[in-house]
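In: Dropping the sequence and predicted coords here.
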Amino acid sequence: MAADNKAAGAGRTETWTIGKILKWTEQYFQKAGLDSPRLDAEVLLSHVLKKERIFLYVHFEQPMEAAELAAYRECIKKRVQRQPVAYITGHKEFMGLDFKVTEATLIPRPDTEILVEAVLQRLKPGCTDSLIADIGTGTGAICLSLLKYLPQLRAVTVDVSQAALAVAEENAAALGLSDRLELLQGDLLQPLRSGTQRFNAIVSNPPYIPRAEIAGLEEDVRSFEPMGALDGGEDGLDFYRRLLAEGAELLAPEGFLALEAGIHQAQQLKSMAAELPQWGKCEIIRDLAGIERVAVLWKV
């Protein structure tokens, strides 16, 4: 890519248009082995131009300014070093909402929308003045999505990382949801145990990657996302054991615990819960790829 907006051609001056720079970047990302070269190119260029992606296609022949090209080059450089797109842009869409992300937070993923949808469906019939707890909140994507789509809902959210809670607090303010959210710092359920509140649902996407598998994760994840949000212990089930052992006493009657699970883990959660007298019905929900992605456990 030329250092300015012009590239010398055969007897003429060639301009870097939006369409041309997208094509060049897509090919460059393909050679670098990135999984979604065109999408990454579009999202990064939209970020630089501060426009929606549809703008790129409506203005395909629009020339790029030198300052825009310089900013875009920096984004390209970071991406080929495997920095995730969401960390470069500082934003990620989730459940149709825009969330700020930083390297202190796990990047929200489409799989987790299955968890949110499951909770929405189970709370909606009686959600008047309902209260939930979101454990390991990160960006706040789970609880804030639930608050956005259930206007009578209130939430308490917990994270061990103060930096992550600061991001969740910013996202709550941006979405106009701060007045229905309480943020607590601490380890898993511990900050909730001193209170008298009982929850209609406890929701969590805990760390669930078995420790031995972390080295095999994609570099985008392994090198950039917070390890504390990934490492689930030797078998990936450490945090589930604690949630199952301690969660029921914090639930209201007929309350439920909703958990995102890794591949092959949902049935393990069901078996673990079956050995504990405080848990009754267990529902397993598959994602769009057919993977058992969410376990919903009901308090006896």
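Out: Thanks, I have it. Numbering: from 1, shown residues only.
In: Now for residue 57, how many residues are close by?
Out: 11 (other C-beta atoms under 10 Å). For the C-beta atoms, the positions are set from N, CA and C on the backbone; glycine is no exception.
In: element containing it?
Out: Per DSSP states H and E: residue 57 is located in helix 53-58.
In: Show me what the mean pLDDT comes to for that helix.
Out: Averaging pLDDT along helix 53-58 gives 94.
In: going on from it, what's the next piece of helix or strand?
Out: Scanning onward from helix 53-58 (DSSP H and E), the first element met is helix 66-80.
In: Can you spell out which helices and strands pack onto the longest strand that the chain contains?
Out: Longest strand in the chain, counting residues (DSSP state E): strand 251-260. Applying 3 or more C-beta pairs under 8 Å, 6 or more residues apart in numbering; DSSP states H and E, one finds that strand 251-260 makes contact with helix 110-123, strand 199-204, helix 238-246, strand 292-299.
In: Kindly provide the distance from residue 168 to residue 189.
Out: According to C-beta to C-beta, to the nearest Å, residue 168 and residue 189 sit 17 Å apart.
In: quick one, which of these two is more surrounded?
Out: residue 168 (26 against 19).
In: Which residue, other than its chain neighbours, is closest to residue 140?
Out: residue 168 (3.3 Å; C-beta to C-beta, 6 or more residues apart in numbering).
In: Touching, the one you found and residue 145? I think so.
Out: No: counting by C-beta atoms under 8 Å, residue 168 does not reach residue 145; the two are 12.0 Å apart.
In: Just the element for residue 20, please.
Out: Counting by DSSP H and E, residue 20 is found in helix 18-31.
In: ok and the next helix or strand after that helix relative to helix 18-31, angle-wise?
Out: The helix or strand immediately downstream of helix 18-31 is helix 37-49, counting by DSSP H and E. Using axes from the mean of the first three to the mean of the last three C-alpha atoms, to 10 degrees, the direction of helix 37-49 lies 130 degrees away from that of helix 18-31.
In: what's helix 37-49 in contact with?
Out: Residues from elsewhere that reach helix 37-49 (C-beta atoms under 8 Å, 6 or more residues apart in numbering): 18, 21-22, 25-30, 34, 52-53, 55-56, 68, 71-72, 75-76, 79, 85, 88-89, 91.
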